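K.L.:
Okay, here's the prediction I keep looking at, along with the sequence it came from:
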Amino acid sequence: MALLWGVFCIARICLAISSLDWYNKDSKNSKRGEDMEYSMIDSHAHYDDEQFEKDRDKLLTILPEVGIGLVVNVGASMESCKSTIALTKKYPHVYGALGVHPGSVEELNEDRFVWLSQAVRQEKIVAVGEIGLDYYYDEPDRQLQKDWFARQISLAADVGLPMIIHSREAAQDTYDIMRSLGCEDVGGVIHCFSYGVEMARKFLDMGFYLGLGGVVTFKNARTVKEVAAYAPMDRIVLETDCPYLSPVPYRGKRNSSLNLPYVAEAIAQIRDMDVEEVCRVTSENVRALYRLDS
C-alpha cells in the first residue's frame, strides 16, 4: 500500500494545481515513483483532446515517473487519429489506436478509409479503435454506424490488430455484428464496459477483455461493480478514458492517467484483493491485449 500511496500523493498534488509549471523532473516529488515494483498502464486515453492543450506535454512527461508506465491514446475521429500518431512519435511511453468513433462516422468516405487502412500499419499503433455503435443519440444514422463498424472490424482482421469497441445502449446489435464477422478470431476490448453480467459473459466468451474505469468508483454504479466482481481477473484492463469519466473523488473534473490508482483501489475493494496485485495483473492483461511484448 505504501507504493500506491506515493502515486496517490503525486496525483493529488498534480490535480490540485491547475498548472504543472511547478514540476521539475529532478525534484523530490518526481523520484517517488522510482522505487515502484509495478508500472500501471492506462489502456484508453484521449490526450489529443483540447482539454489538455495547456499542459499536455508536462503531464505526459511526468507519467512514467509516478508509476504510469504506458498509455494507449485512442483515436475517435480522423483528426484525432492524426494527433494520436504524432503523440506516439513524440513520447516513447505512448502507443496508439486508430479508428473512427460511431459518433463521427459521417466524416468517413472511401478516400479517408484508405488513409486509415494504411495508417494503422504504422509503428506503435496497437489496435483499431475506438469503433462500434452508440445509440444514446438518434444521430448518426444507425445503419451508417453499423456499416462503418463492420468495415473497421474487417480492417482490424486484415491487419491483425485487436479492436477497441465502443458500445453504448447498443449491446445486442454490437454483439450480433461482432459474432457475424468472427470477432472472436480478432480479439480486443469492450471499452468502458457498461452492460450487465449477462452481456459481460457473452463478450468474455468471445475472448474479449473488459475495460473498467472511473465509473466503477461511483456509488450508483451497481451494474458495473457487479461486472467487476464477476469477470475473471485476467480479462480486466484499467482505463481512464481521460479527459472524461473522472473517478471519485474527482468526478466531474478533468480526468487524467494520474487517477488510475483510484480505479485500481475500487476494483481491489470489490474483489477483496491487494491493490498492487490488481495493478500487476491488469498491466499484464493490457500487454497481452495489445501484444506489447510480441
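P.N.:
Ah, there it is.
K.L.:
looking only at pLDDT, what's the mean for the host helix or strand of Ala264?
P.N.:
When elements are assigned from DSSP states H and E, Ala264 belongs to helix 260-271. Across helix 260-271, pLDDT averages out at 98.
K.L.:
now for it, which elements pack on it?
P.N.:
helix 2-16, strand 40-45, helix 222-230, strand 236-238, helix 275-289 (3 or more Cβ pairs under 8 Å, 6 or more residues apart in numbering; DSSP states H and E). The way it works is simple: take the backbone N, C-alpha and C, and place the C-beta from them, glycine included.
K.L.:
What residues of the host helix or strand of Arg151 count as buried?
P.N.:
Using DSSP H and E, Arg151 falls within helix 142-159. Judged by neighbour count (16 or more other Cβ atoms under 10 Å), helix 142-159 contains these buried residues: 145-146, 148-149, 151-153, 155-157.
K.L.:
Mind listing residues that contact it?
P.N.:
Here helix 142-159 makes contact (Cβ atoms under 8 Å, 6 or more residues apart in numbering) with 99-100, 102, 105-106, 108, 113, 116-117, 120-121, 127-129, 131-135, 162-163, 173-174, 177-178, 181-183, 185-186, 188.
K.L.:
Off-centre distance for that helix?
P.N.:
Centre-to-centre, helix 142-159 and its host chain are 20 Å apart (Cα atoms, centre = their mean, to the nearest Å).
K.L.:
following it, which helix or strand comes up?
P.N.:
strand 163-168.
K.L.:
list the buried ones in the next helix or strand after that following strand?
P.N.:
Next in sequence after strand 163-168, counting helices and strands by DSSP H and E, comes helix 171-180. By 16+ other Cβ under 10 Å, the buried positions in helix 171-180 come out as 171, 173-175, 177-178.
K.L.:
what about the longest strand in the chain?
P.N.:
strand 125-134 (DSSP state E).
K.L.:
Adjacent strands (with direction) for it?
P.N.:
strand 94-98 (parallel), strand 163-168 (parallel) (DSSP bridges).
K.L.:
Of the buried residues of helix 142-159, just say which sits nearest to Thr282.
P.N.:
Nearest to Thr282, judged by Cβ to Cβ, of the buried residues of helix 142-159 is Ala156 at 22.4 Å.
K.L.:
any idea how far the closest one is from Arg121?
P.N.:
12 Å (Cβ to Cβ, to the nearest Å).
K.L.:
And for Gly75?
P.N.:
Taken as Cβ to Cβ, the span from Gly75 to Arg121 is 14 Å.
K.L.:
Settle it for me: which of those two has more neighbours?
P.N.:
Taking other Cβ atoms under 10 Å, Gly75 and Arg121 do not tie; Gly75 has more neighbours (31 against 12).
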